[in-house]
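# Structure of the sequence below:
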Amino acid sequence: MDDEREISNAYDKGKLKSVATKAELAKFRTAARATALKDRRVNIRLSSGDLNDIQVKALEEGMPYQTLIASVLHKYVTGRLAERPEDTASATRAVARKRRSASAS
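Got it, this is the predicted structure:
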């Protein structure tokens with residue numbers, strides 16, 4: 001808590017300087033505009049397990065879970081989110097395991 005207060009005081013006094021480059025700042029502004037413009041509502045159904053996992057990830061990232069979902073979808077549709085080959089194989093095996101366990105019960 002003292003560290004946070006110290007940082008806040010330094011910011012208020014103008015002692016902190018950005019280390020981001022102009023290119024990085026432009027990229028962040030573009031991303032913020034793209035994700036901040038929310039003019040449509042979408043309802044989706046998720047499994048309880050997936051929603052819980054998303055909420056945990058969002059907490060780890062320090063953001064609301066709906067913001068995380070919107071960010072992931074935005075990155076996917078803009079081509080900035082791609083599956084790694086090993087992730088695809090791992091995901092395929094996980095789905096197969098779930099199906100086998102579901103059919104066994």
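# Now do the SS call for the residue nearest to Ala20 when sequence neighbours are not counted.
Distances taken as CB to CB, 6 or more residues apart in numbering put Phe28 closest to Ala20, at 7.2 Å, once the chain neighbours are dropped. Yep, even glycine has a C-beta here, placed from its N, CA and C like the rest. Recorded secondary structure, Phe28: helix (DSSP: H, G, I helix; E, B strand; the rest coil).
# Quick check, Phe28 in contact with Ser18.
No. Phe28 is not in contact with Ser18 according to CB atoms under 8 Å; the separation is 10.6 Å.
# Check which helix or strand the residue nearest the centre of the chain maps to.
The centre of the chain sits closest to Leu68, judged by CA atoms, centre = their mean, with a distance of 3.7 Å. Following DSSP states H and E, the helix or strand that holds Leu68 is helix 65-77.
# Show which residues not belonging to that helix make contact with it.
Under the contact criterion CB atoms under 8 Å, 6 or more residues apart in numbering, helix 65-77 has outside partners 34-35, 38, 51, 54-55, 57-58, 61, 63, 81.
# Appreciated, that's everything.
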